[in-house]
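>>> using only what follows, build the 3D model:
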Amino acid sequence: MAKRKNISKGIATEKSSSALDGDMPERKARGVDPVIKTSNLRRLRRIEGQVRGLQRMVEEDRYCADILMQVTSTQEALRSVARELMRNHLAHCATTAIRTGSNEERDAMYEELLEMIYKNAR
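Predicted coordinates:
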């Protein structure tokens, strides 16, 4: 379970949730370029195919080094999507919260950014 800061209605609260439990409040990105969104979706579909290929390789007892090479390729593809998402988040969501948000919203955004940078730097 991860702790998440909720920045709704100017109140920063912490909420425990797992990444995919559907228990998080719905938040929308600001300023998403439709071309970038389409590109990210295309990349994610390609990654989905790579993961299915990895599953087949494991099922077929393929050579470990070959599987590991494909895992590395898939991880790099995910990092590429993450960079685009981070770029959009910084350019739009974070900028708006920092420039026009309350002190609580700004502080929550700073914490969110630090946590994101820390997690993505590993």
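>>> so which residue is dead centre in this structure?
Compute the mean C-alpha point of the chain, and by CA atoms, centre = their mean the closest residue is Ala82, 5.5 Å away.
>>> for that residue, which non-adjacent residue is closest in space?
Once flanking residues are discounted, Ala82 sits nearest to Asn120: 6.1 Å by CB to CB, 6 or more residues apart in numbering. The C-beta positions use only the backbone N, C-alpha and C, and glycine is treated the same way.
>>> state the distance from the one you found to Arg87.
Separation of Asn120 from Arg87 (CB to CB, to the nearest Å) stands at 12 Å.
>>> which stretches in this structure count as helices?
Assigned by DSSP state H, the helices in the chain fall at 34-59, 64-88, 95-100, 103-120.
>>> in TSV, list those helices along with mean pLDDT and distance to Glu26.
TSV is the format used below for the helices of the chain (pLDDT from 0 to 100; distance: least, CB to CB, whole Å):
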stretch	mean pLDDT	distance to Glu26
helix 34-59	96	17
helix 64-88	95	17
helix 95-100	92	17
helix 103-120	93	16
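>>> adding distance to Lys28, write the ones you listed out as CSV.
Listed next are those as CSV, based on distance: least, CB to CB, whole Å:
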stretch, distance to Lys28
helix 34-59, 12
helix 64-88, 12
helix 95-100, 12
helix 103-120, 15
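>>> Met57 touches Ile67, doesn't it?
Yes: the pair Met57 / Ile67 is scored as a contact, 4.9 Å apart, by CB atoms under 8 Å.
>>> count of neighbours near the residue nearest to Met116 when sequence neighbours are not counted?
Distances taken as CB to CB, 6+ apart put Met86 closest to Met116, at 6.9 Å, once the chain neighbours are dropped. Applying other CB atoms under 10 Å, we find 15 residues neighbouring Met86.
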